[in-house]
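Colleague: make a model of this:
(2 chains)
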Amino acid sequence: MKRRTRVTRLFQWLSLFAFVAPGVAAQARAPQAGGEEARVFKVFTARVQQYVKLQSGMEATLPALKPTSDVARIAEHQHALARKIAQARRGARRGHILTHEVTRQFRRIIRDEFLGPDARLARRTIRRDDPSKVAVRLHVNEVYPNDLPLTTTPPALLSRLPQLPQVLAYRIVGRDLALKDTKAGLIVDPIPNVVP
Amino acid sequence: MPAICCAVLLASVALAAPGPPLHAQEPALPLKPDSVRFAAIGDMGTGKKAQYELAGTMAEYRRRFPFEFVITLGDNLYGGDTPGDYESKFELPYKPLIDAGIKFYATLGNHDRPNQRFYKLFNMNAEQYYTHKKGNVRFFALDTNDMNPRQLAWLEKELQSSGSDWIICYFHHPLYSSAAFHGSSTALRLVLEPLFVKYGVQVAFAGHDHVYERVKPQKGIHYFTEGASGSLRAGNLRKTDLTAASYDQDRSRPCDGRRVPGVGRS
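Modeller: Model prediction:
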């Protein structure tokens, strides 16, 4: 009799566990997913900071650029800075900052924005000035084409991607997303075909 | 509501089109001695004949409407920013105004490169977005190419402490537009308009669409599009419920029946 009762209780506990466990597991997964994103973004931010350090180091070797009416100086400063950075990063390849892991997280977020409930809005925003009408593929260390208009990066997307220091910006060109140095005008790292 | 404090010339190439010379007309503005007077131009940097003609008309019109400064609504330099571009698309056309000491306060459009912020005559003080004050009017020049959380936080902080009777924001992409080519920038409107409403922005100027439009007040805010200071996109305006006044033709064919619709006041 006692044994029967024990077995019944065991079954009761097992049923309760079977009912509760998936919820517990899901709860555990949720922070893990958030934690994974946070971990990957931390790596990304550290790499971005390394880039900014390199950029400001290179810029420190040039005469300081202050507001000027000598426009040749502005252009010279940009070109000299771009040359120095490209030289210092000559070994840099795609994925150096936007690593495989970062790219995976970015793809997920961008997919949400462009296939989610606000997809129409996001698509309309980038289509308005879509520079992809001009066939362009972005490469690390190349200068962003001077005659290529900028596409507004949807603000809702910007609010979900890691915040960048002022010298960098996210730029969408066609289906690609690039990290762009706004002072040197350089493509720092692109992700091709990220916009679904 | 503070008293009328500012008057603006929205300068479009349509104003330079054939018809009675603009500078000969009496502007229908209060022109009070303490008014803040300025001109707004957008999408002007083509370097083409129409830009030069309008720039000449602005200089002439200034005799009747002595505006003290100009705000630019972006696309200051199309096609590049070499020294030659700055010269032919800005310094030469606006030379009479620059020589007269008129300051230009620029904002960046989608055809502009960020380093224009270092150009002294654009008075951006090396910033992509910034604020300046004239009399009792606080102006905010925003960069709508990259409306990131940092810029939004900055805007909110500055709006909170603006301490001005009048707040005017200007930027490139229109939050409301009846033009077919680009139209309203709804994604930007979702993040900007709540701040405008919360902190009492009265007027917003934008460019991007190469037409003129005064939008019926939206949530109490007066929106203007003036993207026709370099070229006019003829026939581009659609009939919508938004429009209070508009034109996409020369001034002999204004949509709202007014003779000189480009001159407004707030």
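Colleague: and B:Gln160, how many neighbours?
Modeller: 11 (other C-beta atoms under 10 Å in any protein chain shown). Heads up, the C-betas are built off the backbone N, CA and C, glycines and all.
Colleague: please disregard the earlier target; I meant B:Ala141.
Modeller: 26.
Colleague: kindly report the same for B:Cys169.
Modeller: 26.
Colleague: beyond the helix or strand containing it, next helix or strand please.
Modeller: Under the criterion of DSSP states H and E, B:Cys169 resides in strand B:166-170. Helices and strands here follow DSSP H and E; after strand B:166-170, the next one along the chain is helix B:186-198.
Colleague: elements contacting that following helix?
Modeller: On a contact count with 3 or more C-beta pairs under 8 Å, 6 or more residues apart in numbering or on different chains; DSSP states H and E, helix B:186-198 meets helix A:119-127, helix A:155-158, helix B:149-160.
Colleague: those helices: which one's closest to B:Ala245?
Modeller: When the helices and strands packed on helix B:186-198 are compared by C-beta to C-beta, helix A:119-127 sits nearest B:Ala245, at 25.8 Å.
Colleague: list the buried residues for that closest one?
Modeller: Residues A:Leu121, A:Ala122, A:Arg123, A:Thr125, A:Ile126 are the ones in helix A:119-127 that count as buried (16 or more other C-beta atoms under 10 Å in any protein chain shown).
Colleague: want to throw those residues into a markdown table with pLDDT and distance to A:Pro162?
Modeller: Shown next, in a markdown table, are the buried residues of helix A:119-127 (pLDDT from 0 to 100; distance: C-beta to C-beta, whole Å):
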| residue | pLDDT | distance to A:Pro162 |
| --- | --- | --- |
| A:Leu121 | 85 | 22 |
| A:Ala122 | 87 | 18 |
| A:Arg123 | 86 | 23 |
| A:Thr125 | 81 | 20 |
| A:Ile126 | 80 | 20 |
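Colleague: give me the subset of the residues you listed touching chain B.
Modeller: Counting by C-beta under 8 Å from any C-beta of the partner chain, A:Leu121, A:Ala122, A:Thr125 from the buried residues of helix A:119-127 sit close to chain B.
Colleague: so where's the chain uncertain?
Modeller: No chain in the question, so chain A it is. A:1-33, A:128-135 (pLDDT under 70).
Colleague: to clarify, I was referring to chain B.
Modeller: B:1-7, B:11-30, B:250-266.
Colleague: which residues of it fall in helices?
Modeller: Using DSSP state H, the helices of chain B run over B:49-61, B:83-86, B:95-99, B:149-160, B:186-198.
Colleague: now render the ones you listed as a markdown table, adding distance to A:Thr152.
Modeller: Below are the helices of chain B laid out as a markdown table (distance: least, C-beta to C-beta, whole Å):
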| stretch | distance to A:Thr152 |
| --- | --- |
| helix B:49-61 | 24 |
| helix B:83-86 | 23 |
| helix B:95-99 | 30 |
| helix B:149-160 | 12 |
| helix B:186-198 | 7 |
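Colleague: picking that back up, among the helices and strands packed on helix B:186-198, which is nearest B:Ser177?
Modeller: That would be helix A:119-127 among the helices and strands packed on helix B:186-198, by C-beta to C-beta, at 12.7 Å.
Colleague: got the contact list for that closest one?
Modeller: Under the criterion C-beta atoms under 8 Å, 6 or more residues apart in numbering or on different chains, residues A:113-114, A:151-154, A:156-157, A:172, A:195, B:185-188, B:190 lie in contact with helix A:119-127.
Colleague: show me how to select, in PyMOL, the buried members of those residues.
Modeller: To isolate the buried members of the contacts of helix A:119-127 in PyMOL, using 16+ other C-beta under 10 Å:
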select buried, (chain A and resi 113+114+151+152+153+154+156+157+172+195) or (chain B and resi 185+187+188)
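Colleague: who in chain A is up against chain B?
Modeller: So far as C-beta under 8 Å from any C-beta goes, chain A lies against chain B at A:65-69, A:71-72, A:74-75, A:77-78, A:121-122, A:124-125, A:128-129, A:146-147, A:149-156, A:158-159, A:163-164, A:166, A:169-170, A:182-183, A:185.
Colleague: can we see that at 7 Å?
Modeller: Contact residues, chain A versus chain B (C-beta under 7 Å from any C-beta of the partner chain): A:65, A:67-69, A:71-72, A:74-75, A:78, A:121-122, A:125, A:128-129, A:146-147, A:149-150, A:152-156, A:158-159, A:163, A:169, A:182-183, A:185.
Colleague: which of those residues fall in helices?
Modeller: Per DSSP H, the residues of chain A next to chain B map to helices at A:Val71, A:Ala72, A:Ile74, A:Ala75, A:Gln78, A:Leu121, A:Ala122, A:Thr125, A:Pro155, A:Ala156, A:Leu158.
Colleague: out of the helices of chain B, flag the one nearest B:Thr225.
Modeller: Between the helices of chain B, helix B:186-198 lies closest to B:Thr225; by C-beta to C-beta that is 13.1 Å.
Colleague: how about stretch A:159-177: buried residues?
Modeller: Buried-residue list, stretch A:159-177, by 16+ other C-beta under 10 Å: A:161-162, A:164, A:167-177.
Colleague: pick the one among those closest to chain B.
Modeller: Distance to chain B across those (C-beta to the nearest C-beta) is lowest for A:Ala169, with 5.1 Å.
Colleague: partner residues bridging the closest one?
Modeller: Per DSSP bridges, the residues bridged to A:Ala169 are A:Lys180.
Colleague: contact partners for the nearest residue to A:Tyr170 once chain neighbours are set aside?
Modeller: Nearest residue to A:Tyr170 in three dimensions, chain neighbours excluded: A:Thr153, at 5.2 Å (C-beta to C-beta, 6 or more residues apart in numbering or on different chains). Applying C-beta atoms under 7 Å, 6 or more residues apart in numbering or on different chains to A:Thr153 gives the contacts A:Tyr170, A:Arg171, A:Ile172, B:Asp146.
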